[in-house]
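In: sequence-free structure coming up:
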């Protein structure tokens, strides 16, 4: 007999003792030996009431033989001599597409503009310590994509786009902690994700796929409604039966190339704002209703949303126990993002707080057509660069001063390594964003008493929440509406928003390619 039940445990019982068999037997009023097997399905922290509890969903098998484990997966196909599919970009969309193409009997050829994940660490160190921006290897570009060094969050609401469990299982198969299979908000951490990405790359190569670094797409060879080759910065032609475009949301040059080639694109909504940072101890106190966080509880997180004048104002990529990082991908721009390592043990908590932006807001940039959002981003990021005053220094303001339109005379200690410059950020952001942010912060104070504090600092700008451009594609066949063998994919093409949804989109597009591609 199979039963499903929920255990309501203390943090110590859930994360410290972990004696789930005892708690299951007690709840079912059975002896332990009457329980044949149990499986934890989901685990989540519930801090809605004054007493924080952990809810654990469990499937239990009673008085039955323990099921025989499923047979190991069949041998991975070897695709050395199979039809080639060119993948532009080695982020989650590109990597998961490559893994699925191999299963479908096709040979993936990944071309990545940035460095491999090991060498990419040095580029990021130079960005943080020396404020040197490598335009091809940074927090946005390089093996693993933007998610690799900006936290590795695996939570998604896009559950209808594919099987989230399959994506998580793939991460576990390549070295992720199995806890991500049951945690309500799974997270790998920027310290562990690089090793997992390396294992994925080697699995692709062992099966006969190829992964190349330092290869930047600069041109397309087109004949009628098909691509015959993609051309890199050295003039080399790369040919395949299909071309999967998974370049990420910051590939400005790719959008401009597509526009120059007459490939249809459209402006889409996105979001922009700032990144706010509090002491983690304050967020713990607010969320866990206690002055001191239990040693059995993780650093507290939060998710806030409000509607202000018809637009959403919401938290984005909240990083408990994290740091704020410089995410510029080119000269004369300042962009901030957040990340956490697996232990989430920084003394700070940060989150993007952003406002929805519609194409109708950008009349001043209408001459750029579908790239109007991109031009708006460029303008605001340039203003942030000028306000910072020196390379990657970020303009910063105390949160309470932002609400009062005051310039801060000092900035609290914070996690942003390149440094900050006091600046009235309300003078960088357009009025329709800054006014909504101010009201949104006031709304958040009602939900999280203590959120508005002189200890909080905001840094600008949080501008790369998602792509401002969508590349339309056939809803079933997944290829571009006009170019029959071009498959826009992932976050940069406007069809995903995060690691898991991008991975699912890559998987789905790979299946669509295989469905229309002979595997001889």
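Out: That came through, no problem. No experiment lies behind these values; they were computed from the predicted model shown.

In: a helix runs through residue 36, doesn't it?
Out: No: read with DSSP: H, G, I helix; E, B strand; the rest coil, residue 36 is strand and lies in no helix.

In: quick check: domain ranges of the chain?
Out: As given by automatic domain parsing, the domain ranges for the chain are 2-62, 84-265+472-515, 267-462.

In: point out where the protein drops to low pLDDT.
Out: Across the chain, residues meeting the criterion (pLDDT under 70) sit at 66-74, 517-520.

In: switch the cut-off to 90
Out: Where the chain drops to pLDDT under 90, the residues are 1-2, 16-18, 63-76, 146-163, 185, 187, 189-190, 390-391, 497, 516-520.

In: quick one, helices of it?
Out: Ranges of helices within the chain are 11, 20-28, 92-103, 117-129, 164-173, 193-206, 252-260, 280-288, 372-388, 399-403, 431-447, 499-515, based on DSSP state H.

In: and the fourth one, what does it pack onto?
Out: The contact analysis (3 or more C-beta pairs under 8 Å, 6 or more residues apart in numbering; DSSP states H and E) places helix 117-129 against helix 193-206, strand 323-326. Heads up, the C-betas are built off the backbone N, CA and C, glycines and all.

In: got these as CSV, with distance to residue 272 columns?
Out: Compiled in CSV, these are given as follows (distance: least, C-beta to C-beta, whole Å):
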stretch, distance to residue 272
helix 193-206, 26
strand 323-326, 16
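
In: turn those into CSV, including distance to residue 120 and mean neighbour count.
Out: Putting the helices and strands packed on helix 117-129 into CSV (distance: least, C-beta to C-beta, whole Å; neighbours: other C-beta atoms under 10 Å) gives the following:
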stretch, distance to residue 120, mean neighbour count
helix 193-206, 8, 19
strand 323-326, 13, 26
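
In: ok, which of the domains of the chain comes nearest residue 77?
Out: Set against residue 77 and scored by C-beta to C-beta, the domains of the chain come closest in domain 84-265+472-515, at 5.5 Å.

In: redo the domains of the chain as JSON lines? Include distance to residue 78.
Out: Shown next, in JSON lines, are the domains of the chain (distance: least, C-beta to C-beta, whole Å):
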{"stretch": "domain 2-62", "distance to residue 78": "34"}
{"stretch": "domain 84-265+472-515", "distance to residue 78": "5"}
{"stretch": "domain 267-462", "distance to residue 78": "34"}
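
In: most tightly packed of the helices of the chain?
Out: Neighbour counts (mean count of other C-beta atoms under 10 Å) averaged over each of the helices of the chain peak at helix 92-103, with a mean of 28.

In: next, the contact list for residue 353, please.
Out: Applying C-beta atoms under 8 Å, 6 or more residues apart in numbering, we find residue 353 in contact with 273-276, 304, 313-316, 437, 440-441, 444, 458, 462.

In: of the residues you listed, closest to residue 340?
Out: Proximity of the contacts of residue 353 to residue 340 (C-beta to C-beta) peaks at residue 275, which lies at 13.3 Å.

In: what's the neighbour count on the closest one?
Out: Neighbouring residues of residue 275 were enumerated by other C-beta atoms under 10 Å; the total is 29.

In: ok, it to residue 380 distance?
Out: 14 Å (C-beta to C-beta, to the nearest Å).

In: so which of the helices and strands packed on helix 117-129 comes closest to residue 44?
Out: Closest among the helices and strands packed on helix 117-129, using C-beta to C-beta: helix 193-206, at 22.2 Å.

In: which other helices and strands contact the closest one?
Out: On a contact count with 3+ C-beta pairs under 8 Å, 6+ apart, helix 193-206 meets helix 92-103, helix 117-129, strand 210-213.

In: do that again at 6 Å, thanks
Out: helix 117-129 (3 or more C-beta pairs under 6 Å, 6 or more residues apart in numbering; DSSP states H and E).

In: report the angle between the helix it packs on and helix 193-206.
Out: Put simply, helix 117-129 runs at 150 degrees to helix 193-206, going by axes from the mean of the first three to the mean of the last three C-alpha atoms, to 10 degrees.

In: who touches helix 117-129?
Out: 132, 134, 137-138, 142-144, 149, 194, 197-198, 326, 417 (C-beta atoms under 6 Å, 6 or more residues apart in numbering).

In: can I assume residue 59 is in contact with residue 5?
Out: No: using C-beta atoms under 6 Å, residue 59 makes no contact with residue 5, being 8.4 Å away.

In: go through the contacts of helix 117-129 and name the one nearest residue 430.
Out: Closest to residue 430, out of all of those and judged by C-beta to C-beta, is residue 326, at 22.5 Å.

In: what's the closest of the helices and strands packed on helix 117-129 to residue 496?
Out: helix 193-206 (17.4 Å).

In: for the closest one, what is the distance to the chain centroid?
Out: In this view, helix 193-206 has its centroid 18 Å away from the chain centroid, taken as C-alpha atoms, centre = their mean, to the nearest Å.
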